[in-house]
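K.L.:
sequence and predicted structure, then a few things I'm wondering about:
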Amino acid sequence: EAAVTQSPRNKVTVTGGNVTLSCRQTNSHNYMYWYRQDTGHGLRLIHYSYGAGNLQIGDVPDGYKATRTTQEDFFLLLELASPSQTSLYFCASGDIQAPLFGEGTRLSVL
Amino acid sequence: KTQVEQSPQSLVVRQGENCVLQCNYSVTPDNHLRWFKQDTGKGLVSLTVLVDQKDKTSNGRYSATLDKDAKHSTLHITATLLDDTATYICVVGDRGSALGRLHFGAGTQLIVIP
């Protein structure tokens, strides 16, 4: 069964902290995406990738790095977390016409 | 500038009633439009996708319309159930290829009460 798994589901860190969010897909999809969701806004694209070793910049990339180590695994890195990065983060895989979303990671930066 | 506007922001209906959610957008080009359901604290689950210039789809108690000339879509939910309580998100894809982007609305929060 097609799946996108995110970990952790919840994370609390302090300002200036280092955070890594993980995403694994078992769908053999080339494309993977990281989005953030904030109240009153639609999902906004942070970074995306079309294969292992590839990285593309999204619409709100500032403060975020990402790395695609394998076709299955896509990581989002916050090296100096700030309170403005408190959000619900979603990973997705698949093409633009039929993306599959993970369950989300809720990140709080205190 | 927000390119996908959903209304109402929130809606309360009684179980068994019907409801209609609206989506207006300015995305150009507009290749397709998809409606998602998002339960609280969960991921987005696709309900239906619309592609044609004037399109209609049906998926059980969910039905949707799209008018690309008006850049407008509706999602109808018939005979609502308590499990329909969720946020419904309208998403417009501007291309049919990997070069495209998805444009997300902020969602309509639907609450179904007994």
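P.N.:
Ah, there it is.

K.L.:
just give the nearest non-adjacent residue to residue 10, would you?
P.N.:
You didn't pick a chain, so chain A it is. Nearest-residue entry for residue A:10: residue A:106, 5.0 Å, with adjacent residues in sequence omitted and distances by CB to CB, 6 or more residues apart in numbering or on different chains. Where you see a C-beta, it was placed from the backbone N, CA and C, and this is true even at glycine.

K.L.:
right idea, wrong chain: chain B
P.N.:
Here the residue nearest residue B:10, using CB to CB, 6+ apart, is residue B:109, at 4.3 Å.

K.L.:
starting at the chain centroid, how far to the one helix or strand the one you found maps to?
P.N.:
Using DSSP states H and E, residue B:109 sits within strand B:108-113. Centre-to-centre, strand B:108-113 and its host chain are 14 Å apart (CA atoms, centre = their mean, to the nearest Å).

K.L.:
show me what contacts the residue in chain A that chain B sits nearest to?
P.N.:
The nearest approach of chain A to chain B comes at residue A:42, 3.0 Å away (CB to the nearest CB). By CB atoms under 8 Å, 6 or more residues apart in numbering or on different chains, residue A:42 lies in contact with B:2, B:4, B:89, B:91, B:103-107.

K.L.:
do that again at 10 Å, thanks
P.N.:
Shown in contact with residue A:42 (CB atoms under 10 Å, 6 or more residues apart in numbering or on different chains): A:35, B:2-6, B:89-92, B:102-107.

K.L.:
check what pLDDT it gets.
P.N.:
Residue A:42 carries a pLDDT value of 90.

K.L.:
check which helix or strand it maps to.
P.N.:
Applying DSSP H and E, one finds residue A:42 in no helix or strand.

K.L.:
is it true that the residue nearest to residue B:10 touches residue B:8?
P.N.:
Yes. Shown here, residue B:109 and residue B:8 form a contact pair, counting by CB atoms under 10 Å, at 8.8 Å.

K.L.:
show me where pLDDT drops low in the chain?
P.N.:
You didn't say which chain, so I picked chain A. Applying pLDDT under 70 to chain A picks out residues A:1-2.

K.L.:
my bad, chain B
P.N.:
For chain B, the stretches with pLDDT under 70 are B:98-99.

K.L.:
the residue of it found nearest chain A - how many residues pack around it?
P.N.:
Closest residue of chain B to chain A, CB to the nearest CB: residue B:104 (3.0 Å). For residue B:104, the count of nearby residues is 24 (other CB atoms under 10 Å in any protein chain shown).

K.L.:
ok, back up a step: quickly find the element holding the residue nearest to residue A:10.
P.N.:
Counting by DSSP H and E, residue A:106 is part of strand A:105-109.

K.L.:
hmm, back to that, I'd assumed residue A:11 was in contact with the residue nearest to residue A:10.
P.N.:
Yes. Applying CB under 10 Å, one finds residue A:106 in contact with residue A:11, separated by 7.3 Å.

K.L.:
so for the two, which sits in the more crowded spot?
P.N.:
Shown here are residue A:106 and residue A:11; by other CB under 10 Å, residue A:11 has more neighbours (18 against 15).

K.L.:
return the distance of that one relative to residue A:109.
P.N.:
Separation of residue A:11 from residue A:109 (CB to CB, to the nearest Å): 9 Å.

K.L.:
contacting residues for residue 48?
P.N.:
As the question left the chain open, I've gone with chain A. Going by CB under 10 Å, 6+ apart, residue A:48 touches A:31-35, A:54-58, A:66, A:68, A:74, A:92-93, B:98, B:101.

K.L.:
switch to chain B, please.
P.N.:
By CB under 10 Å, 6+ apart, the contact list for residue B:48 reads B:33-36, B:55-60, B:62-64, B:66, B:73, B:75.
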